[in-house]
Structure formats: structure tokens, C-alpha cells
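[1] Quick one: sequence and predicted model below, then my questions.
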Amino acid sequence: MSTDARTPLPGYAWFLIGLGGAVVGLLPWLVTGARLPLQNLAADQTTTDTPFALLPFSQYFLASIVALLVVGAAAAGIAGRTLADRRPRFGTTLLVGGLMVGQLLAAVQSSVVTIGMLEESTRTAVYAGAVIAVIVVSLLVSLLVVLLIARAPVPGATIALSMSAIVSAGWVGVALRDVMTYGPNELTQVLLTILRWMPAVLVGCAIAWCGFRSIGRVIAAVVSLLALWIGPAFFTAVSAAAGTRVLAPYPAEMAEYGVQVFLMALTMPELVIPPLIVALVVGVVGSLLLARRRTLRTRDATEPSPALAD
């Protein structure tokens, strides 16, 4: 490795990398125009002109909010891990600081513009509080993901990468929302197929990178598969419950409905088993290929060249 490759990047560069990760996470929403979704509790119900918002603040976009924040954290974490040999003192702190500044700015800006256009009522307070709570939890998950990917040993980073992979389809789907709504049926079917299998393939790639060379790595692979099983069912349940407008005044009934959908999605073999098989096959085959590649590189590095042998 050259001396230049070992030279630490300046601290501000790590802050900007973290900030860039936040922007990457928000990118699918920004390319759509980032107009706030229509609000059921808007004070003025006669207008469809909504303000610019850095996050889609709405009960119908809860899974999208999680995806936009968590994928941004994964992007920052991957950059931080890739540049580990150029990390200065407090580099990880600056990386996380840049990410959190960008994501907190998005959270505050979208919350302020949304609350500013809502009616003044108790149900508005409940609605805004619930969405803000989801944003706060997403920020905490984002913090965990960036730290694990950037600094944790391989098993911990693998779990964080798998968590990000699970929401990857939602992240891409934000940018493709209009295309899938108004585009031709043939294109929509192709995109839906890609989005359906994307999480499983990416989880498999994370497992392949991790491998199975130690108990810790095997556990990480198992946890990743469990996350692929439970995560989509959870997001399906949350989206179904939160998107049922008739249950909005009845939180207990909404929660009960969400639990029912979760258990149903969790126990339907035709939904659960195929993604797990795909992830496992990709993980095992990819791990074997990477192990073979490492073996060949090690052998090439230890064998003397023909000139030296002569």
C-alpha cells in the first residue's frame, strides 16, 4: 500500500462524507420533487399545492421514511469502512456527525412545514406525534447502522448491511412511485419483480461477504436471514395499519389489525420461504466463490515467479 493511501483524510472530509450519505439516502425522494404528500388533516382541504419537504411526512409513507434514513446511514457506513486506512482521529465521530446533521435537518424541516399546514386539534397532535416518533426511531436505527458498518467486526457489519438491504426496495420504490402508478403495466410488472427480490439478493450478498468461517459469522448469517423473514412482515403490517384511514380514530383497533397482518405475513410460506432460499443460495455460492478467490490470491502471492525459480 502506498504512503498516500495511508495518509488520513482531513476531518472535514469525513464530516462531508457523512453528510453525503444523508443526501444519498434522501435522493429517491428528492428526484420526485420532494413535495409533501397530501394531508388528511390539512387546515385547507381545497388545495393540492403542498410545500417542499425533505421527508415524506405522512402515515402512508412510514416505511419510506425508514428506508430513506437507514439506506443513507448504510451509504455513509460503507464509505467509512472502505476508507478505514485513511481514518483520522475522531474520524468516525465526524462521519456520524455529518450524517446526523443532514438527517436531523431533514426531520426537523419536514416536521415543521407539515405541522404548519395542519388543523389545530387533538387528532393532529396524535398524528404528528406518531409520525415524529417513527422518524426518531428511524434516526436511532440509522445511528446504529452507520456505526456497525463503519467500525464493527464483520459479523456486526453484516447484520447492519442486511438491515439496510431489507429496506432497499422501499428506498428505490420511492423514486419509482409515479412510474409504477402511471406507467405501462408491462413495465410495472418488471419493476415489481425486481423490487420483490432485491432485498433477498442483497441480504445474500451481505452473507457472502461475511462467510461462515467462524461461529460469529454463522450467527450473523442466521440473524440476517431472520431479519429478512421478520422485517418485511413488520413493514407490511405497519403500512397496512397506518394506511387504513377508517381506523385512525381508534388506535387500539389499528394496533390489533396491524398484529393480525404481521402474523399473517409472517406465516405465509409462499411469501416467506422463496426470499429466504434466494438469500441463502446467494450467500453460500457467493461465499464459496470469494473463498476460492482468496485461496488463489494467497497461492499466487506465496509461489515464486518463474524467473526466480530459474
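    Yep, that arrived. Just so we're clear, the structure is a prediction, and the values are computed from it rather than from any experiment. Residues are numbered from 1 along each chain as shown.
[2] could you pull out the strands for the stretch 1-150 of the chain?
    Remark: no strands are assigned in the stretch 1-150 of the chain by DSSP state E, counting those that start in this stretch.
[3] Show me the helices in it, by range?
    Counting by DSSP state H, counting those that start in this stretch, the stretch 1-150 of the chain has helices at residues 3-6, 11-30, 62-82, 91-116, 122-151.
[4] and of those, who's closest to residue 176?
    For residue 176, the closest of the helices of the stretch 1-150 of the chain is helix 11-30, at 8.1 Å, according to C-beta to C-beta. To be clear about C-beta, it is placed using only N, CA and C from the backbone, and glycine gets the same treatment.
[5] Could you chop this structure up by domain?
    Residue ranges for the domains of the chain, per automatic domain parsing: 1-151, 191-301.
[6] Most tightly packed of these?
    domain 1-151 (a mean of 18; mean count of other C-beta atoms under 10 Å).
[7] so how far is it from its chain's centroid?
    11 Å (C-alpha atoms, centre = their mean, to the nearest Å).
[8] For it, the averaged confidence score.
    In this model, domain 1-151 has an average pLDDT of 91.
[9] Quick one: closest of the domains of the chain to residue 158.
    For residue 158, the closest of the domains of the chain is domain 191-301, at 3.9 Å, according to C-beta to C-beta.
[10] and residue 294, which of the helices of the stretch 1-150 of the chain is closest to it?
    If we rank the helices of the stretch 1-150 of the chain by C-beta to C-beta, the stretch that ends up nearest is helix 62-82, at 18.2 Å.
[11] and that closest one, what other elements does it pack with?
    On a contact count with 3 or more C-beta pairs under 8 Å, 6 or more residues apart in numbering; DSSP states H and E, helix 62-82 meets helix 11-30, helix 91-116, helix 122-151, helix 154-166, helix 168-182, helix 215-242.
[12] Tabulate those (a markdown table), appending distance to residue 67.
    Formatted as a markdown table, the helices and strands packed on helix 62-82 follow (distance: least, C-beta to C-beta, whole Å):
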| stretch | distance to residue 67 |
| --- | --- |
| helix 11-30 | 8 |
| helix 91-116 | 13 |
| helix 122-151 | 9 |
| helix 154-166 | 9 |
| helix 168-182 | 4 |
| helix 215-242 | 9 |
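[13] re the thing from before, is it possible to get CSV of the domains of the chain that adds distance to residue 169?
    CSV is the format used below for these (distance: least, C-beta to C-beta, whole Å):
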stretch, distance to residue 169
domain 1-151, 8
domain 191-301, 4
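[14] got the contact list for stretch 199-211?
    Residues outside stretch 199-211 that contact it (C-beta atoms under 8 Å, 6 or more residues apart in numbering) are 154-155, 158, 161-162, 164-169, 217, 220-221, 224-225, 227-228, 231-232, 274-276, 278-287, 289-291.
[15] again with stretch 286-297
    Outside stretch 286-297, the residues that reach it (C-beta under 8 Å, 6+ apart) are 204-205, 207-212.
[16] wait, which of those is closest to residue 135?
    Of all the contacts of stretch 286-297, residue 205 has the smallest distance to residue 135: 28.4 Å, by C-beta to C-beta.
[17] which residue sits closest to residue 102, ignoring its sequence neighbours?
    Counting by C-beta to C-beta, 6 or more residues apart in numbering, residue 102 lies nearest to residue 22, which is 2.8 Å off, once chain neighbours are set aside.
[18] residues in contact with the one you found?
    Applying C-beta under 8 Å, 6+ apart, we find residue 22 in contact with 72, 76, 98-99, 101-103, 106.
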